[in-house]
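>>> build me a model:
(2 chains)
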Amino acid sequence: MQLDIRLPMGLLFLLLGIILVGYGFVSDHAIYVQHSLGQNVNLLWGAIFALFGAWMLFLARKKKQ
Amino acid sequence: MHVSPLVPLFATAGGAGSVVLQLATVDYLILALYFIFVIAIGWVIRRSMKTSKDFFESGRSLPAWICALGFIGANLGAQEVMGMAASGAKYGIATSHFYWVGAIPAMVFVGIFMMPFYYGSKARSVPEYLKLRFDEKTRTFNALSFAVMTVFSSGISMFALAKLLNAILGWNFDACIIFSSLIVLIYIYSGGLTSAIYNEVLQFFLIVLGFLPLVILGLQDIGGWSGLMHNLDAYSATKGMPGAWSSSWSHMGNATANPIGIEWFGLVAGLGFVLSFGYWCTDFLVIQRAMAAKDMNAARRTPLIAAIPKMMFPALVILPGMLAIALYHKGGTAGIALPMGTDGNPDYNMVVPAMLAKYFPNGMLGIGLTALMASFMSGMAGNVTAFNTVWTYDLYQRWVNPDSSDAHLIKVGRVTTVVGLIISACCAYAAAKFNNIMDMLQLVFGFVNAPLFAIFLLGMFWRRATGHGAFFGLLLGTLSAAIFQGRTLPIGETAGLLKGGWLGVQHTFVSSMAQNFWMAIFAFSGCFLGTLFISLATKPNRTNDELRGLVYSLTEKPKDEHGAAWYARPMPLGLLVLACTLVLNIIFW
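Numbering: from 1, shown residues only, chains lettered A, B, ... in the order given. As a prediction, this is how the structure comes out:
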């Protein structure tokens, strides 16, 4: 039985997403004013990463069942 | 070469390097997490590597979508990410020709017409197909030049990565070389082709999701699409070619009217036909991904499915370059700082790092950097897997040890991976020391590669083509390329081995790109005619029975599953891809 790539991929993106969201909460807002036009991209894009990861994990699980 | 041979060589990037990225702990955490996953994937897959077929061909067991993302991921190297952004700044929307002319049509062609011969014959590699179709000498010639080319390309990726990280992060050059080769070594040594493909899928998503916010933020900053066009128009006016940066075709009538310096015919015939078909239809680096598919239908759909993201990529890789040059031109607080190159123009190769530095705060910066490193490593890994397969099957098993057992072949594949990476590292150091030698090698590969498609085209669609015809036709094509280069020169260059004109300048081109495209047309024609006439003058060396499955007229057409949905059938899928590409060309005309 070969590894389903969606499993590690889902896990990685979920973890990356969580790190980004977490950092988005604790980081100083000044860095967003300086770089990303005042938007908290870590929070926003972290959520997208986490959702993508969760979706991949869901697909892998569905396949297994 | 790794990316379409057409992408400007990236070997000299990172020169001026006044872009500096400041990493925080969170960025290092993200990088570390990624590398842990890359190695872990190889480690887990290690257990399913039982036969040489598993190691070199992924057991021919992968679904179409994984092969397709591997196909496109192996190609999505740093040359593409950074090189295309650089070209986007240099040429504007016209850079999309490298996709909508120089990739998609060939990808559709290989999927629909050529894959049946690669996958359907029992060949395990592209050179092996040449042996079945023509003869041993054609195969060995192709295998040798391909093997040298892949380790060299992987060395160039390694060099560019180390030089870039050294410039923007201040990391030690040697440490970067050792670290990147070790990572690639570990995951390919353990999991072979499957490991490489799985990591390419991972890298694909990382690069897409990692770079997308860069484009979105850049567009927001410049005032949306209309703001971008407005600024590009202002910029192109300063370059004496008003509107040339914001249209793909309307300035292609004349080579002096567009920044690429090529007219439409040279573009379509040189890039769109010879070079593009030569790369996508014959380069084992990409074909290997499709040949790992679980059945014929999946193998044929691999390049077709891959063509869908490929046709969107201009938005991801060219747009950042266009945004950077527009922002650079706009200047002021909203502007972007690009370091200057030695020729007085901005250093276009630093476009991506400059955009990362401007728009990504710590956190996302780690993601962007990871995506960038991933793109370098997928370039290296793709070359290394193609190298170890061709070396083991086409050179070692054929010439050194024909009776080797299967277990022995896996061992050879693993040792080859180590040796290949060591040679790559040597190439990387050679590139650092003697830039000219690397450019020279690149040029010679160009001579060998340009005519290649002619013998595949004749081999697959004309059963009368013979082994002698192919071999000597190929030599003739290579010679034509060399002579053409020796008789022509790009404007403003001094004649010499590297730039051309060493046989006396007969014609000058507006740009070296144009010289390159026309050289390909010339080499292809030389090889095509040579193979044609020599074949007619020599006796066929294969019987019709031997050619079954290798030549169009003697091969049963693959049938689609009865009642399969349109998207599961190669022909409608291919036509849809072509139609969408046509629409894109018209929209951005």
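>>> longest helix in chain B, please.
helix B:173-222 (DSSP state H).
>>> next, count neighbours for B:Phe273.
Under the neighbour criterion other CB atoms under 10 Å in any protein chain shown, B:Phe273 is assigned a count of 20. Where you see a C-beta, it was placed from the backbone N, CA and C, and this is true even at glycine.
>>> helix, strand or coil for it?
Secondary structure, DSSP: H, G, I helix; E, B strand; the rest coil: B:Phe273 is helix.
>>> per-residue confidence at B:Thr488?
You'll see B:Thr488 listed with a pLDDT of 90.
>>> measure it to chain A for me?
Separation of B:Thr488 from chain A (CB to the nearest CB, to the nearest Å): 47 Å.
>>> show me what contacts that residue?
Contacts for B:Thr488 were tallied using CB atoms under 8 Å, 6 or more residues apart in numbering or on different chains; they are B:Gly500, B:Gly501, B:Val505, B:Gln506, B:His507, B:Thr508, B:Phe509, B:Gln515, B:Trp518, B:Met519.
>>> count the residues that sit near the second one.
So that's B:Gly501. 21.
>>> kindly report the same for the fourth one.
As a burial measure, the neighbour count of B:Gln506 was computed by other CB under 10 Å and equals 11.
>>> and the first one, by the same measure?
Here the count is done by other CB under 10 Å, and B:Gly500 has 26 residues near it.
>>> give me the phi and psi for it.
phi 110, psi -180 (degrees, to the nearest 10).
>>> could you tell me how far it is located from chain A?
Taking CB to the nearest CB, one finds B:Gly500 at 45 Å from chain A.
>>> up against chain B, what does chain A have?
Applying CB under 8 Å from any CB of the partner chain, we find that chain A lies next to chain B at A:1-3, A:5, A:8-9, A:11-13, A:15-16, A:19-20, A:23-24, A:27, A:31-32, A:34-37, A:39, A:41-42, A:45-46, A:48-49, A:52.
>>> among these, which lie within helices?
Filtering the residues of chain A next to chain B for membership in helices, criterion DSSP H, returns A:8-9, A:11-13, A:15-16, A:19-20, A:23-24, A:31-32, A:34, A:41-42, A:45-46, A:48-49, A:52.
>>> out of those, which are buried?
A:8-9, A:11-13, A:15-16, A:19-20, A:23-24, A:31-32, A:41-42, A:45-46, A:48-49, A:52 (16 or more other CB atoms under 10 Å in any protein chain shown).
>>> for the chain, where's the lowest mean pLDDT among helices and strands?
No chain specified, so I'll use chain A. helix A:30-34 (a mean of 86; mean pLDDT, DSSP states H and E).
>>> ah, no, chain B please
In chain B, no helix or strand scores lower on mean pLDDT, DSSP H and E than helix B:435-449, which sits at a mean of 79.
>>> other SSEs contacting that helix?
Packing partners of helix B:435-449 (3 or more CB pairs under 8 Å, 6 or more residues apart in numbering or on different chains; DSSP states H and E): helix B:136-169, helix B:406-433, helix B:467-487, helix B:512-537.
>>> repeat that for 7 Å
helix B:136-169, helix B:406-433, helix B:467-487 (3 or more CB pairs under 7 Å, 6 or more residues apart in numbering or on different chains; DSSP states H and E).
>>> output those as JSON lines; include the columns mean neighbour count and distance to B:Leu316.
Formatted as JSON lines, these follow (neighbours: other CB atoms under 10 Å in any protein chain shown; distance: least, CB to CB, whole Å):
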{"stretch": "helix B:136-169", "mean neighbour count": "23", "distance to B:Leu316": "19"}
{"stretch": "helix B:406-433", "mean neighbour count": "19", "distance to B:Leu316": "27"}
{"stretch": "helix B:467-487", "mean neighbour count": "22", "distance to B:Leu316": "33"}
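>>> show me where pLDDT drops low in chain B?
Applying pLDDT under 70 to chain B flags the ranges B:1-18, B:332-334.
>>> what does it put close to chain A?
Counting by CB under 7 Å from any CB of the partner chain, chain B comes close to chain A at B:26, B:29-30, B:33, B:37, B:40-41, B:44-45, B:48, B:61, B:66, B:198, B:201-202, B:205, B:209, B:213, B:217, B:220-221, B:358-364, B:367.
>>> run the last query once more with 8 Å
So far as CB under 8 Å from any CB goes, chain B lies against chain A at B:26, B:29-30, B:33-34, B:37, B:40-41, B:44-45, B:48, B:61, B:66, B:194, B:198, B:201-202, B:205, B:209, B:213, B:217, B:220-221, B:358-364, B:367.
>>> what about burial for these, which qualify?
The buried subset of the residues of chain B next to chain A - by 16+ other CB under 10 Å - is B:26, B:29-30, B:33-34, B:37, B:41, B:44-45, B:48, B:61, B:66, B:194, B:198, B:201-202, B:205, B:209, B:213, B:217, B:221, B:358-364, B:367.
>>> host element of B:Met373?
helix B:364-389 (DSSP states H and E).
>>> run the chain-centre distance for that helix.
Offset of helix B:364-389 from its chain centre (CA atoms, centre = their mean, to the nearest Å): 13 Å.
>>> only the buried residues of it, if you could.
Neighbour counts over helix B:364-389 (16+ other CB under 10 Å) mark B:364-389 as buried.
>>> before we move on, what about stretch B:389-403?
Here stretch B:389-403 shows B:Thr389, B:Val390, B:Trp391, B:Thr392, B:Tyr393, B:Asp394, B:Leu395, B:Tyr396, B:Gln397, B:Arg398 as buried, counting by 16+ other CB under 10 Å.
>>> helices or strands up against whichever strand or helix holds B:Ile586?
Assessed by DSSP H and E, B:Ile586 sits inside helix B:570-587. With contacts defined as 3+ CB pairs under 8 Å, 6+ apart, helix B:570-587 has these neighbours: helix B:97-100, helix B:104-109, helix B:296-313.
>>> which one, of those helices, ends up nearest to B:Ile260?
B:Ile260 sits nearest to helix B:97-100 of all the helices and strands packed on helix B:570-587, at 7.7 Å, using CB to CB.
>>> packing partners for the closest one?
Applying 3+ CB pairs under 8 Å, 6+ apart, one finds that helix B:97-100 contacts helix B:296-313, helix B:570-587.
>>> if you set the cut-off to 10 Å instead, what comes out?
Helix B:97-100 sits against helix B:78-91, helix B:276-282, helix B:296-313, helix B:570-587, with contacts defined as 3 or more CB pairs under 10 Å, 6 or more residues apart in numbering or on different chains; DSSP states H and E.
>>> can you lay out those helices as JSON lines showing mean neighbour count?
As requested, the helices and strands packed on helix B:97-100 are exported to JSON lines (neighbours: other CB atoms under 10 Å in any protein chain shown):
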{"stretch": "helix B:78-91", "mean neighbour count": "27"}
{"stretch": "helix B:276-282", "mean neighbour count": "25"}
{"stretch": "helix B:296-313", "mean neighbour count": "24"}
{"stretch": "helix B:570-587", "mean neighbour count": "16"}
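>>> which of these sits closest to B:Leu228?
helix B:78-91 (11.2 Å).
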